[in-house]
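Enquirer: Quick one: sequence and predicted model below, then my questions.
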Amino acid sequence: MVLANQMDRVALFFDMSNLYFVARDLGVRIDYARLLDFLVAGRRLVCAYAYVTLAGEESSAVPFLTWLRRNGFRVVTRTLRRGSDGVLRGDLDLELAVDVLLQAPHVDVIVLVTGDGDYCYLVEAVQRLGRRVEIASAPRNTAVELMELADYYIDLEANLRHFSQPRPSSIGRGEPGGRASENWRTRHEEEPEERGYELERGSEWGEQEYRDDDFGR
């Protein structure tokens, strides 16, 4: 990863829904602590925000959200709501944009961990403020316009070795060690090396099936 200046102040904004699809499509689990370190890349971290949509007030999400908060992330959540058309919605685009604009005067670099093309205008606005914008996502999950606007594009697919873990093979729910029904991976003391977390949409979320649109895509 090419760095402009090790003294740069950097703020990061993680679109967790977009990251979910990146991990799903690539068949990996993301170690968010390592991903944060990789994106900061030795520069001066000012803040890191994580925007998480939840399918209801689920206690299964608490360990993951707690882990994020304890590991340097400011967590912003919203619960998915079913609209009159029957589609679940709960995007956090507005919250992310507001936080970016509030932090921009205090940093040198904004890192958006997303491929959502809806943020193109936000990127242009931040650049007009004289700040550099880096976009981090997988090419297959990134809008071409967003990639072209970025001052620097970070290809997560090409750098998986820095922050990913293989997705574990499925284990039956009744078998010892089976975690098929867990929605958020937590760090277990018997697995100290494992810091990968993923959102698994399973039984504890009401046996509902969600489309990509339900996550603001």
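Expert: Nice, I can see it.
Enquirer: What segments of this structure are strands?
Expert: For the chain, the strands defined by DSSP state E occupy 9-15, 28-31, 44-54, 74-79, 81-82, 88-89, 109-113, 132-137, 152-155, 164-166, 196-197.
Enquirer: got the ones you listed as a markdown table, with mean pLDDT columns?
Expert: Below are the strands of the chain laid out as a markdown table (pLDDT from 0 to 100):
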| stretch | mean pLDDT |
| --- | --- |
| strand 9-15 | 98 |
| strand 28-31 | 93 |
| strand 44-54 | 95 |
| strand 74-79 | 92 |
| strand 81-82 | 72 |
| strand 88-89 | 65 |
| strand 109-113 | 98 |
| strand 132-137 | 98 |
| strand 152-155 | 97 |
| strand 164-166 | 79 |
| strand 196-197 | 46 |
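Enquirer: Let me have these in CSV, adding mean neighbour count and distance to L122 as columns.
Expert: (C-beta placed from N, C-alpha, C; glycine too.) Shown next, in CSV, are those (neighbours: other CB atoms under 10 Å; distance: least, CB to CB, whole Å):
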stretch, mean neighbour count, distance to L122
strand 9-15, 24, 10
strand 28-31, 20, 23
strand 44-54, 20, 13
strand 74-79, 15, 16
strand 81-82, 11, 24
strand 88-89, 17, 20
strand 109-113, 25, 8
strand 132-137, 24, 9
strand 152-155, 17, 16
strand 164-166, 17, 27
strand 196-197, 22, 26
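Enquirer: and those strands as CSV, adding distance to P63?
Expert: Output for the strands of the chain, formatted as CSV (distance: least, CB to CB, whole Å):
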stretch, distance to P63
strand 9-15, 18
strand 28-31, 15
strand 44-54, 13
strand 74-79, 13
strand 81-82, 24
strand 88-89, 23
strand 109-113, 21
strand 132-137, 25
strand 152-155, 28
strand 164-166, 17
strand 196-197, 9
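Enquirer: Out of the ones you listed, which is closest to L146?
Expert: Among the strands of the chain, strand 132-137 comes nearest to L146, with 5.8 Å by CB to CB.
Enquirer: Adjacent strands (with direction) for that closest one?
Expert: Strand 132-137 pairs in its sheet with strand 109-113 (parallel), strand 152-155 (parallel), by DSSP bridges.
Enquirer: Report the angle between the longest one and strand 9-15.
Expert: Which is strand 109-113. Using axes from the mean of the first three to the mean of the last three CA atoms, to 10 degrees, the direction of strand 109-113 lies 20 degrees away from that of strand 9-15.
Enquirer: Can we start the residue count at 6 from this point?
Expert: Understood, numbering begins at 6; the last thing we discussed is strand 114-118.
Enquirer: now the helices: where do they sit in the chain?
Expert: Using DSSP state H, the helices assigned to the chain run over residues 21-31, 37-45, 67-75, 98-108, 125-133, 149-154.
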